[in-house]
Each structure stands twice: as C-alpha cells, then as structure tokens.
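Peer 1: Just to be clear, the model below is a prediction. Sequence and coordinates:
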Amino acid sequence: QVQLVESGGGVVQPGTSLRISCAASGFTFSSYGMHWVRQAPGKGLEWVAAISYDGSDKYYADSVKGRFTVSRDNSKNTLYLQMNSLRADDTAVYYCAKDLFRRHGFDIWGQGTMVTVSS
Amino acid sequence: QSALTQPASVSGSPGQSITISCTGTSSDVGGYNYVSWYQQHPGKAPKLMIYDVSNRPSGVSNRFSGSKSGNTASLTISGLQAEDEADYYCNSYTSSSTRVFGGGTKLTVL
C-alpha cells in the first residue's frame, strides 16, 4: 500500500547536525513533489521544506533557510532532510508528506520521527 | 511567512454544523485557489480533508466542505459526529512558492 516511513530522529546537542529520511513505497515516487512538515510538542503544524518531483526546485521556510537542506534519491525512493546548526526550537516531530498530482494538498503522510535538540 | 489565522477553538453539538475560518493575505489565501485542510487526532499524523479550496479526496465524508471569499477560507462540517472532534489546520500556497499553515483550531463536540 501507499506509505511513507520516516527514520533517523533522535536526541542531539545544539549546534550539531542530523539527517532524517523518508522511505516511500506503493506509488511512483519520482512523479511527485514532497514536503517536510514539523510539529513542536503541544504546538501546531509548521511547513518546513519542499522539493519538486525531480529535485530541481527546492523551497524552505524562513525559520530553516540556510540551515536545512531537502534532497531526494529517486533511485532509492527516499526523501532526506539535512539539518545543520540545530537549535532547541527545532525540537519537533518531523513528518514527510506527498503532494497531490497537479493539485495542492498533502495526501499521504508518514508517522513522523522525533527530533530533540537538547544539551 | 506569517501563519494563517484560525480561531483557537470551536464547538458544536452532535448533528449541528460548524465553520472554521482561515484568514491570510492576498499573497497566499487570497491570491490562489490552493487552500487545503487537515484533520489531526491526538498522537496521529494529519489527514487531508479538502484540497484546492473545495475538493474532497476520495474517502472523505461529504459532510466536510470548503470555500473561500477574498483572503478568508472556510471549512464547514455538517451533521457533527463525535469522531469529528480533533484539531483542524488550513494550509495555503504562497507567492514565494512556499506553503504556510494556520495556527490550528480545536474542535470540541459537546
């Protein structure tokens, strides 16, 4: 079935780096734009980053621009988020989400991976 | 990239209808018909309920409907059921080709 599975979360110290992944299955990964969305504990959803189907276009929220990099490997059906210079306010559950085809909405979501930035 | 504005909470009795608003600017909600709505139950991933302002994905009840006027989008839930109790978020495409969420609305079914 169609699914997204995130991995790579954990506890890291401020100022360090972490890369999280999202493995896709059940659909033609290389045909869809993908997004990262995060949710801090007890807070609302925050859009983080997007990447086009072929990786040629990337977009970021102001809060992560210059620190986070979104990428994808279509041969491995995997989406990545490289997070550098992590701060305490980056602590959140990170979800990957799939774009609808030629429409605007995130129709498939992963279960999320928790990233905790703490000394 | 300011968050879209949603009421913090709304409530209604079973069988009633409620509407959740989502206010942005001409650079996001008002500028494009690209508003989507998500339902999130505690501890769960969000679920797409409406895309492109008023379209329902397959499998979503027709009790959920969306609309837009100017810079404000709305989600209406008719025939409220206990299972509708959840957090709801709007999202819009922006003029920077980014996306922005609303702050979220907690729906309580009395």
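Peer 2: Arrived safely, thanks for sending. As the structure is a computational prediction, the values presented were derived from the model and not from experiment.
Peer 1: residues in contact with the nearest residue to A:Ala49 once chain neighbours are set aside?
Peer 2: Ranked by Cβ to Cβ, 6 or more residues apart in numbering or on different chains and with sequence neighbours excluded, the top spatial neighbour of A:Ala49 is A:Val70, at 4.2 Å. Glycine gets a C-beta too; all of them are placed from N, C-alpha and C. A:Val70 makes contact with A:Met34, A:Trp36, A:Ala49, A:Ala50, A:Ile51, A:Lys58, A:Tyr60, A:Leu79, A:Tyr80, A:Leu81, A:Gln82, according to Cβ atoms under 8 Å, 6 or more residues apart in numbering or on different chains.
Peer 1: again, only this time at 7 Å
Peer 2: With contact taken as Cβ atoms under 7 Å, 6 or more residues apart in numbering or on different chains, A:Val70 is in contact with A:Trp36, A:Ala49, A:Ile51, A:Lys58, A:Leu81.
Peer 1: One more: A:Tyr59?
Peer 2: So A:Tyr59 contacts A:Ala49, A:Ala50, B:Ser97, B:Thr98 (Cβ under 7 Å, 6+ apart).
Peer 1: hmm, try it at 10 Å
Peer 2: Shown in contact with A:Tyr59 (Cβ atoms under 10 Å, 6 or more residues apart in numbering or on different chains): A:33, A:35, A:47-52, A:65, A:70, B:94, B:96-99.
Peer 1: List the beta-bridge partners for it.
Peer 2: Bridge pairing for A:Tyr59 (DSSP bridges) gives the partners A:Ala50.
Peer 1: Look at the residue in chain A that chain B sits nearest to and report its pLDDT.
Peer 2: Residue nearest to chain B within chain A: A:Gly105 (2.9 Å; Cβ to the nearest Cβ). What the model reports as pLDDT for A:Gly105 is 94.
Peer 1: With adjacent residues omitted, what lies nearest to it?
Peer 2: Closest to A:Gly105 by Cβ to Cβ, 6+ apart is B:Tyr51, at 2.9 Å.
Peer 1: just A:Phe29 next, same as before
Peer 2: Nearest non-adjacent residue to A:Phe29 (Cβ to Cβ, 6+ apart): A:Asn77, at 4.2 Å.
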